[in-house]
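K.L.:
here is a sequence together with a model predicted from it:
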Amino acid sequence: MATRPKTLQQARATYTTNRELAWWVFMRISGFLLIFLVFAHIFFNNIQINVATVDYAYVAARLSKAWVKVYESFLLGLAMLHGTNGLRYSIEDYFKRPGTRFWLKAVLFTAAGAMFVVGVMALWAFSYQQMGDAMNAVGHGG
């Protein structure tokens, strides 16, 4: 198994295409960005508030804000792309037969694309404020 490059100079010498070099750079930048995005997500959803008081009304109120939906969509997309590319690297490393690699990557990309679409639809397709108001009306008997 080949050793992965650790510096930009090693990556330039290792990868024969600009596409692979771009993915190598992307993985470093996206990993760095994800650290801050995830910690901000945890801060806003678990530390800034009392987690014991989180209910549907809180989630509905939070997801009724457009900037939260954009932030969560960006976090989902970047995490999915970073993770999918990492799994693509693993497939390239551990499966030597081209046919096996092709089908494994086809399944990986299809599953990742479907999960991203479902995740974004869950964020954007519903009016969480209306659903929250309806849940409150049902929960309070009227």
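P.N.:
Good, I have the coordinates. Since this is a predicted model, take the numbers as computed values, not measurements.
K.L.:
what lies in contact with stretch 55-75?
P.N.:
34, 37-38, 41, 45, 49, 119-120, 123-124, 127-129, 131-133, 135-136 (CB atoms under 8 Å, 6 or more residues apart in numbering). (Each C-beta comes from the backbone N, C-alpha and C, glycine too.)
K.L.:
change it to 6 Å
P.N.:
Leu37, Val120, Leu123, Trp124, Tyr128, Gln129, Met131, Gly132, Met135, Asn136 (CB atoms under 6 Å, 6 or more residues apart in numbering).
K.L.:
off-centre distance for it?
P.N.:
Stretch 55-75 sits 15 Å away from the centroid of its parent chain (CA atoms, centre = their mean, to the nearest Å).
K.L.:
before we move on, back to that, from the contacts of stretch 55-75, which would you call buried?
P.N.:
With burial judged by 16 or more other CB atoms under 10 Å, the buried subset of the contacts of stretch 55-75 is Leu37, Val120, Leu123, Tyr128, Met131, Gly132.
K.L.:
what would these look like in TSV with secondary structure and distance to Met80?
P.N.:
Formatted as TSV, the buried ones among the contacts of stretch 55-75 follow (DSSP: H, G, I helix; E, B strand; the rest coil; distance: CB to CB, whole Å):
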residue	secondary structure	distance to Met80
Leu37	helix	13
Val120	helix	10
Leu123	helix	13
Tyr128	helix	22
Met131	helix	25
Gly132	helix	27
